[in-house]
Structures are given as structure tokens and as C-alpha cells.
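*Asks:* Sharing a model that was predicted from the sequence below.
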Number of protein chains: 2
Amino acid sequence: MSKEVTIAVLGCGTVGTQVVRLLQERGSDLAARAGAPLRVNAIAVRNLETKREGFIDRALLTTDAHAAATGADVVVELIGGIEPARTLVLAALESGATVVTGNKALLAAHGPELYEAAARTGSDLYYEAAVAGAVPVVYAIRESLAGDRIAKILGIVNGTTNYILDEMATKGLSFEDALSTAQELGYAEADPTADVDGHDAAAKAAILSSLAFHTRVSGADVPVQGIRNITAADIAQAKADGYVIKLLAAAERVGDHYDVRVEPRLVPVGHPLASVDGAFNAVVIEAEAAGRLMFYGRGAGGAPTASAVLGDVVAAASHKVHGGNAPAELAYAELTKLPVDQVRAAVAISLELADKPGQLAAVAAKFADHGISIERVQQRAAEDSSEFTTLNITTHAAPRQALDAALADLAGVVERVKSVLTVEGSN
Amino acid sequence: MSKEVTIAVLGCGTVGTQVVRLLQERGSDLAARAGAPLRVNAIAVRNLETKREGFIDRALLTTDAHAAATGADVVVELIGGIEPARTLVLAALESGATVVTGNKALLAAHGPELYEAAARTGSDLYYEAAVAGAVPVVYAIRESLAGDRIAKILGIVNGTTNYILDEMATKGLSFEDALSTAQELGYAEADPTADVDGHDAAAKAAILSSLAFHTRVSGADVPVQGIRNITAADIAQAKADGYVIKLLAAAERVGDHYDVRVEPRLVPVGHPLASVDGAFNAVVIEAEAAGRLMFYGRGAGGAPTASAVLGDVVAAASHKVHGGNAPAELAYAELTKLPVDQVRAAVAISLELADKPGQLAAVAAKFADHGISIERVQQRAAEDSSEFTTLNITTHAAPRQALDAALADLAGVVERVKSVLTVEGSN
């Protein structure tokens, strides 16, 4: 067996702690797989005094993250956020270390800079844990599908929002109540913005589509809509129509363009993503030759994320021992963003309007004005005391611009646009 | 870019034809990913005169499979069966070629010999396509979960039997009628033995458990029970009880032992495998840190299998160009087969017995004699003209030997044991 491979762990929170534990407990297994013993030589932390699990060797703790990042064969970055993570990852790559990171925000914002630093220095960058926790979707795209062409990716990549939507659907809770439950159980943070407004999912969508389309897509390229405005009524209506509402990261190849977005969508109950509930993640990949693949598992949590990190650490160490590199980051397909006037969708629209004759005709005329064809209309009887009635309209696939224009035109006709949701499987 | 990597394709049936097509159509993509152009330099066939797709360059066809197998950088073996595939794969490895194969029968019967030949000659052996077609479960176990410990694998790895069971469940067909339909649609072969008797699934179970447990498990180590005896009545009863019947490849780590078997099982409707229907494959992996992962996709067919083959070809070519090896086949955990007296299961038993007093007590006594605890009993009223009644008994988990002994003892009490099915999720 070769000499040891040294590992520096930057950040010792939930995931970092589990990574250190598994490196200790699985020592001999990991050494056999990597071809050399793996030895943690530094754990960079912010505060040496913080209370830690007993298996953390305090002699390895250091507040000098730069020294740790430039003094090991493999650097595991689990600090999160942009700085100081970015500076440390760049320093590690420059020092010749292989970097394993679970930092989606950093990759989504500065991916190209990091990939270029890795290529320039001959170092490697692994990031399985950045996308869907334990679900090995990065490996699948990078390696298993390397001989195929990916047409579409649809993912439930944020467990917090999936849990909230699931609670709303199964218990009839409002968004606010479901969020509170999630916060009490630790599934949502005190500031839930990154999750419920879709920014976490957008970062993951950017990483997935960069990989799948060999194109630089950053988080800023991903239009995003969260789940704050989803009501119990939306979910009930979806259920009655044979759908569930899921927050999806959706990436599609359209000719030489890509279209990537994060939004809540109506997913038919028979779709493999419809039954993914709780805090699980799932990613569906449609490839030309392979057809539809789905990957499913725990998207967050210390141990599942640590499992993904360790898979990368073993691969990195094995390459250090046996030679070879991580699969190259290639940009040869360089697609461009689908022009906004070519983006199409089928949508389900819920409108509130005065309960009087001629209203349906007036609404239908607005859609016709914009060339939008209607698939289905359902008018719900007004409740006792209300002067308003609810009209649910599902359109055929149409340009999103035309849909937006029609919705704007409706302002003078209807009392209120209650909700607009993209329908998955129709565009 | 480096010099070219030469590829010999052995066998030019459905999968081989698709592999050659994709190597041509994706030439520049694949070259970019592998780091060198990939060039097919030979296609070994049995008969030069066979009619072939127009994109097959007839100048590459040869009947000298040995020359093809020893004259390329990467050898893709798609002949199937044991010989001449075994001899050719060994010759290719001896010549220094990397071998990519989709041959589950060969791996299940002669895996150790092939792995040892690869290790001795410093060559690599890839076999993603041998297990679940396009579903990258070999990659997941070999690489993504390299830092984790796998506790259990449950797979629907044979599309033919899954299709037949699905037809039986949704259309109320008998096994024979569902098999005929599958044969008409090309989902089952004229001689369906390998599929319906579970041998194909057993070969895949052997490969998966060898990988997961780092132990040499051959097809002969896998007890197998097929689906020929499953009746429409079994399926109706399962449905009434909240189960579906699936043919499962099941591999479990029990202390320092492994237990691997293929059998039809009752799967609770809420289990992720319950909704995998049609000709799809799915594999659930439970790992200590990662938790439950599921992989789902097309398990057969020319294009999906070719996608898996090409993923391996790109990895093999990339290693030829950049250095490095496929993940080593390690036997460091070497588990032994779970002793037969330690194998446990919960089963659902359907009995036919005379419709007279005291029968239930007599049956219950036989189970009690063998220390088997009963979870649930349901007696179905006798049909009009029948003197017999049906008794359905579900046991708690108990030693399989005790269950077998109790069933043997029942011979004197009941008219007939109609069916015995293992219940998944209870043992």
C-alpha cells in the first residue's frame, strides 16, 4: 500500500463532524478502497473553544484555515457561503491539493473561476455533496452518462420546500403553518429565505445544467420563483385535477439553447417525482439513449451529506495514489440561454371574477387575443356570501410572454389572479 | 488532444449496433470527454453476410473475434453467454486492453477469474450494463458509496418479470396470458426460462452483492424462486392487503454474513419499489450514512444498454489517455454466507382447508409448535359449491427453517398450501 493521503477538513459543523467520524470509523475500509491510508491532518474551525463531539481530536483543530487549506493532499471545504470559502478553495487548488466541496452557493456563483483554477493547476475539484446530498447525481451526469446526450433534468433538490408542500398537501396546512412545523423540526432554518424563495434550488439547478449541457450556467442565469404564494386552495385544486405541486429545478436543452428555471409546478400524480415526499430529494434525467432515469435519496443531513463527501474523498485519494484525474470540466457544447420570446409553458390559472353573465366570454377573448389555446375551463360556484366566482383555466403550451401579456390584460376583466402554475409534462 | 483510442466491438446484435451508432454520431462529444478520438477498428460477428444497419461499416466486420479482442485499446464484449465470451475477455485482458462488458451470466459465473486476470495484467474491467441497463447502479456502489457501508440492496432488476407481474396486477391476467402478451411485444423471449425462473435476476444479484459487500458471490450462491407459480388470486389477495408482488433481488449484510436471494415478495404499496412498473428496473440501496437511495430507469433495450456501455467506454478511454485505473475490485471484507439456520423471514401463507370446526385451531397449533408467531389471520368464506375455505396467515419474522417445518407439518391438516410469499419490510 502507498504512503498516506493527508486530508484537511475546513469547517466542523454538522457535516464536517460526520466526515471526521466516518474517516475514523471506516479507516481500514477507506484505506483499502483508496489504496492508501487517509489521515486527517487539520480541522479548520472558527472557534477553538466550541464544544465538540468526543471523537474530534482537539490537537487537529486550528483557526489558521489558510495553512490547513494549503497543507494537505485533499482539502474538504465545508464552510459554506462565498468568503472565505472561495479564497481558501483557490489557495488549495494552487497548492496542488484536490478539493472536495459541498458548497453549492460558491459553485453557482464562482464555478467557472474554480474550474479554471483546477485546470490551470492540474488539480481536481469534486462536488457531489453540493447538489442533492447523498444522491449521486453529479457522478451519474459526469461519468455514467458521459456517452449520452442529456435532454432534460427535473429535480426536487430542496428538502425543506418539499417537506412544506407535503405537509400542506397531506394535512391541509397553510404555508405559514407548514413552515412553522418545519422550523420546529429543524427542517427549515430560522431565516428560511434561501429555501422557500428557491435560491438554494437555483444554485443546484445551475450546477446540474452546467454539467449536463457543458455550459457555464450560474445561479444568476436561473429565473426563480419560490413557494411562499402557494395556498392550501392551490393544493386542493391541484389534487382535484390529478396533480401535486412540487418545487422543481427544471433544465432543458432546446436546440442550441438551454432553458433553466426553478418554480413550483403541477406534476401529474403518475409522474415518478409526484410520490417523492418528506425531506427527500429526487432528480429525473432524460437522456437520448438511456431514456428516463431517476435518482432518489436524502438530500440533506449530516450523515447523508458526509457519505457523498467521502465518496469524493475516496475518488480523490485514489487518483492521488494511482494517478489519473477527475473527469474534465468541458465547455465544448456551450449552449446559450433560450431567448425569452421562445420560452413556452402550459399553465393552470385560477381567477376570481364577478359572478355575472359574460365574464367567461370576456376572459376567453383575452386569451384568444394573444393566440393562447385553452385546454380546459372549470367554473366553481360562488360561495354563499360571495359576489365572486372562481374560474380555473388550463392552457395548452404557449409562449410565456404571451401568457404574461394575457394575464396583464385580464386586469380589467377579473377581480384578481389568484394563482398561476406551470404544468409539468405539457411543454 | 492525444492520439486515438481504438475500440473493438465483439458482437453486433441490438446493443452492439446501438453502441456503434452512438460512437459514430457522438464522435466529437465523446472525443472531448475522453480526451482522444475514439475509433472502432473491428466489429467481430459470427456471420459476415447478415443484413445490418447502413451505418455499420462492413469493412470493419470480421469473424476473427480473437484478433479483434487482442488488437484494440478497449474491447467491448456484447456476445453474451459463457463461451466464447470468457476466452475472449481473458485474451483481451492479457493483451492489456480494458474490457467493457454487459455480460451478467459471465460475471456471475466467472467474475473472480476475470477480476484476477484484470488485476494480474494491470487491465481494467467495466460492467455497468450488466446489471440494470441504463441505471448506473454499479457506478453508485463502486464510486459514490465508496466511503459508506452498504447494509441492504433490493432490486427490481428483470424487466420481463416486472412487466408480467404488472400486467397480472392491472389487468387481472393469469401468468400464462401475461407471459404471452410479453412475448408478443418482445418483452419476453420465446424461451422465457432465464427471466421468469429468476436466473437472470440471480446473476445480477450476485454481481451487486459482490460489489456491495466486497465478497465473491456467484450466481450459484443465490437461492432463486421465479414467478411461474404466482396466480391472479395471489395478486388480488396482495392488493387487498395493501401489497404488490415484485420479483426482488435481495441482498443483506447480517453481521459478518451476507444473505442474497431472488424471490417474489409482497412489497407494501408505499415502498418506493411498489410503483416501479412496466419494463423498468429500480434498485434501492440502504447505506449506513447515506440512508436509503433509489435508482430507476430502463433496464434493457438497445439504446439504454448502449448508453451504459458508452459511459464505461468513455471512462476506460479517459483512463487510457490520462492514466489511472478503474476502481479496484477489493475483497477485504470477505463476508460468508448467512448460515441457513439464521435466515429469517415474515411470510404470507394462503391455505385451503376443509370448512369444518376446529381447523383454525389445528393450524394455529402447528405454527405454535415451531415457535412461529402469527401477525394476522383472515378466513375467507367458502364459495357456494366448495367444501373448502381459504385461510390467509401472515407470520411475524421467524427462521425460514421453522417456517418450512411448520408448512410440512400442515400437510396432514390442510387440503393444500396455495402460496407462500415473503413479506418485504418485516425481516
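*Replies:* Perfect, I can see it now.
*Asks:* thought A:Val131 was touching A:Ala205?
*Replies:* No. Between A:Val131 and A:Ala205 there is no contact under CB atoms under 8 Å: 9.3 Å. To be clear about C-beta, it is placed using only N, CA and C from the backbone, and glycine gets the same treatment.
*Asks:* Mind checking which of these two has more residues around it?
*Replies:* A:Ala205 (30 against 27; other CB atoms under 10 Å in any protein chain shown).
*Asks:* what about the nearest residue to the more buried one once chain neighbours are set aside, how many neighbours?
*Replies:* Excluding the flanking residues, the one nearest A:Ala205 by CB to CB, 6 or more residues apart in numbering or on different chains is A:Ala249, at 3.7 Å. A:Ala249 has 30 neighbouring residues, counting by other CB under 10 Å.
*Asks:* what does A:Tyr126 give?
*Replies:* By other CB under 10 Å, the burial measure for A:Tyr126, its neighbour count, is 27.
*Asks:* list the contacts for it?
*Replies:* A:Tyr126 makes contacts with A:Thr98, A:Val99, A:Val100, A:Thr101, A:Asp312, A:Ala315, A:Ala316, A:Ala326, as judged by CB atoms under 8 Å, 6 or more residues apart in numbering or on different chains.
*Asks:* how much space is there between it and A:Val138?
*Replies:* To A:Val138, A:Tyr126 is 8 Å away according to CB to CB, to the nearest Å.
*Asks:* element containing A:Gln18, please.
*Replies:* helix A:14-25 (DSSP states H and E).
*Asks:* wait, A:Ala109
*Replies:* helix A:104-121.
*Asks:* Endpoints of stretch A:123-140, how far apart?
*Replies:* Taking CA to CA, to the nearest Å, stretch A:123-140 runs 21 Å from one end to the other.
*Asks:* got the buried residues for whichever strand or helix holds A:Val417?
*Replies:* Using DSSP H and E, A:Val417 maps to strand A:416-423. The neighbour-count criterion (16 or more other CB atoms under 10 Å in any protein chain shown) identifies A:Lys418, A:Ser419, A:Val420, A:Leu421, A:Thr422, A:Val423 as the buried residues of strand A:416-423.
*Asks:* Relative to chain B, which of those residues is nearest.
*Replies:* A:Val423 (21.2 Å; CB to the nearest CB).
*Asks:* So in terms of bridging, what pairs with the closest one?
*Replies:* Using DSSP bridges, the bridge partners assigned to A:Val423 are A:Leu266.
*Asks:* With A:Thr6 instead?
*Replies:* Bridge pairing for A:Thr6 - DSSP bridges - gives A:Arg39.
*Asks:* Just the pLDDT for it.
*Replies:* Note for A:Thr6: predicted pLDDT of 97.
*Asks:* quick one: low-confidence parts of chain A?
*Replies:* Within chain A, the stretches with pLDDT under 70 are A:1-2, A:324-333, A:381-385, A:426-427.
*Asks:* A:Asp195 touches A:Gln183, doesn't it?
*Replies:* No. Counting by CB under 8 Å, A:Asp195 stays clear of A:Gln183, with 10.6 Å between them.
*Asks:* Then the residue nearest to A:Ala205 would be within a strand, right?
*Replies:* Yes. Secondary structure assignment places A:Ala249 in a strand (DSSP: H, G, I helix; E, B strand; the rest coil).
*Asks:* wait, what's in contact with it?
*Replies:* A:Ile153, A:Leu154, A:Gly155, A:Ile156, A:Val157, A:Ala201, A:Ala202, A:Lys204, A:Ala205, A:Leu208, A:Val260, A:Val262.
*Asks:* I'd assumed A:Ala203 was in contact with the last one.
*Replies:* Yep, that's A:Val262 we're talking about. No. Counting by CB under 8 Å, A:Val262 stays clear of A:Ala203, with 9.4 Å between them.
*Asks:* give me the number of residues near A:Glu128?
*Replies:* Residues near A:Glu128, counting by other CB under 10 Å: 28.
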